[in-house]
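Engineer: okay, here's the prediction I keep looking at, along with the sequence it came from:
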Amino acid sequence: MIATPELPTTILLLMGLVAVVAGALGSAMGVGGGLVLVPALITLFHIDTEHARAASLVAVAVTSMGGTLIYLKEKSVDFVAGGAMQLPTAVGAVAGAFLGNALDPSVVRVLFAALLLAVAARLAIQARREAGSPPPETLPLPRDRRTWLLAGAGCLGAGLVSSMLGVGGGIVFVPVLSLLLLKSARAASATSTYLIGLTGAASALIYVRALTSEGPDPKLVAIAIPAAIGIFVGAQLGARLSKRISGPTLRTAFSILMVVNAGMLIWKVAHG
Amino acid sequence: MAKERVGVLTWFVIAVGLAAFLLLALWPGMGITALYIVLLTPLAAASVTGVELICDRRLRSGSMLLLSVVIIVVAVLWGVR
């Protein structure tokens, strides 16, 4: 239905399967599927950076919307923090899309590899520290201006990185919300998911418009739809997977995968 | 509007947008429409949340959310080429 001569149905099905795995791993780790999907599309399927990034952001937006539906029903989303943080996040996302379109694709790939290595390091450290520490309590939102400014700056940066590289940004949003704004882990995840939906959609819209400015782009549709559906399905599986496997084991395995992905991206930049 | 009502309309907008995406994504020739619908849904949902918050007298959060939507719409319409 959406296959093209360049991307036949078999490839699209494989892409969908990879997106399911990406969604499951990303959801189980709480970092979103984009961190796995973008390198996989570029290195395994030889998709160009622009299409991989746009498809990943569509998938990020879809997954975030699915998660937001659950969190809204639970009433876990903090609209006061979310509403205030959405403004710097949106500004960052728009700036990131401008930068992302202006930068050379190989530069974007190198930046992505750097992000993967940073995430791998953070997860590895977290896996070591995680020995039975109790979950943080829910505390009231802070009132001092400095904390809100710091959180705003964090969200601006998260929006920028998310938009430029085509990832969700949860890896920054959750720590900012849980550490600076003192929310519980659940409320931080819920509010982060809510923020990511609008950020991902905004950046994706800018990229989709740029890609379709000279006419329809069947390749974009062919990549984005299996990616979005695959990641959406994978995210549901990931939530269950995280309950069965211990956190430290999963984080160590994921950080190794991130290092491998970073290596593959660098290799791709070096060898074209 | 009662405090706990914030988010109800937002939930409805997101649910409709996601359902429309899943339906249209598998409909031959409607792929790009499906993409635009699913990408415009968070903007619509954020606008609704903004109005819900303002009605709930949380003016600052609501107006910041609405301003975010305006910034994004302007960027998409006039921005990257």
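Structural biologist: Structure received.
Engineer: any stretches of chain A with poor pLDDT?
Structural biologist: Applying pLDDT under 70 to chain A flags residues A:1, A:30-31, A:130-143, A:179, A:181-183, A:242-243, A:245-247, A:272.
Engineer: so which strand or helix has residue 42?
Structural biologist: Let's take chain A. helix A:34-43 (DSSP states H and E).
Engineer: actually it's chain B I care about, not the one you picked
Structural biologist: Counting by DSSP H and E, B:P42 is part of helix B:31-55.
Engineer: can you tell me the closest non-neighbouring residue to the residue in the stretch 101-250 of chain A that chain B sits nearest to?
Structural biologist: Going by Cβ to the nearest Cβ, chain B is nearest to A:V221 of the stretch 101-250 of chain A, at 3.5 Å. In short, each C-beta sits where N, CA and C put it, glycine included. In this structure, A:V221 finds its nearest non-sequential neighbour in B:G31, 3.5 Å apart by Cβ to Cβ, 6 or more residues apart in numbering or on different chains.
Engineer: dump the residue contacts of that neighbour.
Structural biologist: A:I2, A:P218, A:V221, A:A222, A:I225, B:L24, B:A25 (Cβ atoms under 8 Å, 6 or more residues apart in numbering or on different chains).
Engineer: if you set the cut-off to 6 Å instead, what comes out?
Structural biologist: A:I2, A:V221, A:I225 (Cβ atoms under 6 Å, 6 or more residues apart in numbering or on different chains).
Engineer: on the three-state scheme, whatever residue of chain A ends up closest to chain B is what?
Structural biologist: Nearest residue of chain A to chain B (Cβ to the nearest Cβ) works out as A:G83 at 2.9 Å. Here A:G83 is helix, with the state taken from DSSP: H, G, I helix; E, B strand; the rest coil.
Engineer: what is the burial count for it?
Structural biologist: Residues within reach of A:G83, counting by other Cβ atoms under 10 Å in any protein chain shown, total 28.
Engineer: isn't it right up against B:L67?
Structural biologist: No: applying Cβ atoms under 6 Å, one finds A:G83 not in contact with B:L67, separated by 9.9 Å.
Engineer: what number of residues lie near A:S213?
Structural biologist: A:S213: 10 surrounding residues under other Cβ under 10 Å.
Engineer: next, it: phi, psi?
Structural biologist: Here is the backbone geometry of A:S213 (degrees, to the nearest 10): phi -70, psi -30.
Engineer: near chain B, which residues of chain A are found?
Structural biologist: Residues of chain A found near chain B (Cβ under 6 Å from any Cβ of the partner chain) are A:1-2, A:62, A:65, A:68-69, A:72, A:79-80, A:83-84, A:86-87, A:90, A:94, A:97-98, A:101, A:197-198, A:201-202, A:204-206, A:210, A:221, A:224-225.
Engineer: which residues in the stretch 101-250 of chain A form helices?
Structural biologist: Counting by DSSP state H, counting those that start in this stretch, the stretch 101-250 of chain A has helices at residues A:105-129, A:145-165, A:170-175, A:185-211, A:218-244, A:247-271.
Engineer: just these: most buried one?
Structural biologist: Using mean count of other Cβ atoms under 10 Å in any protein chain shown, the stretch among the helices of the stretch 101-250 of chain A with the largest mean neighbour count is helix A:185-211, at a mean of 27.
Engineer: same for that one, what does it pack against?
Structural biologist: Judged by 3 or more Cβ pairs under 6 Å, 6 or more residues apart in numbering or on different chains; DSSP states H and E, helix A:185-211 is in contact with helix A:49-74, helix A:79-102, helix A:145-165, helix A:170-175, helix B:31-55, helix B:59-78.
Engineer: turn those helices into a markdown table, columns for distance to A:A121.
Structural biologist: What follows is the helices and strands packed on helix A:185-211, written out as a markdown table (distance: least, Cβ to Cβ, whole Å):
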| stretch | distance to A:A121 |
| --- | --- |
| helix A:49-74 | 22 |
| helix A:79-102 | 22 |
| helix A:145-165 | 16 |
| helix A:170-175 | 12 |
| helix B:31-55 | 31 |
| helix B:59-78 | 31 |
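Engineer: so which of those helices is nearest A:A235?
Structural biologist: helix A:49-74 (4.8 Å; Cβ to Cβ).
Engineer: buried set for that closest one?
Structural biologist: Of the residues in helix A:49-74, those buried by neighbour count under the rule 16 or more other Cβ atoms under 10 Å in any protein chain shown are A:49-69, A:71-72.
Engineer: just want the angle from it to helix A:218-244.
Structural biologist: With axes from the mean of the first three to the mean of the last three Cα atoms, to 10 degrees defining the directions, helix A:49-74 sits at 50 degrees from helix A:218-244.
Engineer: make TSV out of the helices of the stretch 101-250 of chain A and add distance to A:G34.
Structural biologist: Listed next are those as TSV, based on distance: least, Cβ to Cβ, whole Å:
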stretch	distance to A:G34
helix A:105-129	10
helix A:145-165	8
helix A:170-175	9
helix A:185-211	8
helix A:218-244	8
helix A:247-271	12
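Engineer: returning to what we had before: ok, which of the helices and strands packed on helix A:185-211 comes nearest B:L9?
Structural biologist: Judged by Cβ to Cβ, the one of the helices and strands packed on helix A:185-211 that comes nearest to B:L9 is helix B:31-55, at 4.9 Å.
Engineer: show the contacting residues for the residue nearest to the spatial centre of chain A.
Structural biologist: Nearest residue to the geometric centre of chain A (Cα atoms, centre = their mean): A:G168, 2.3 Å. Neighbouring residues of A:G168 by Cβ under 6 Å, 6+ apart: A:G32, A:G34, A:V60, A:I196.
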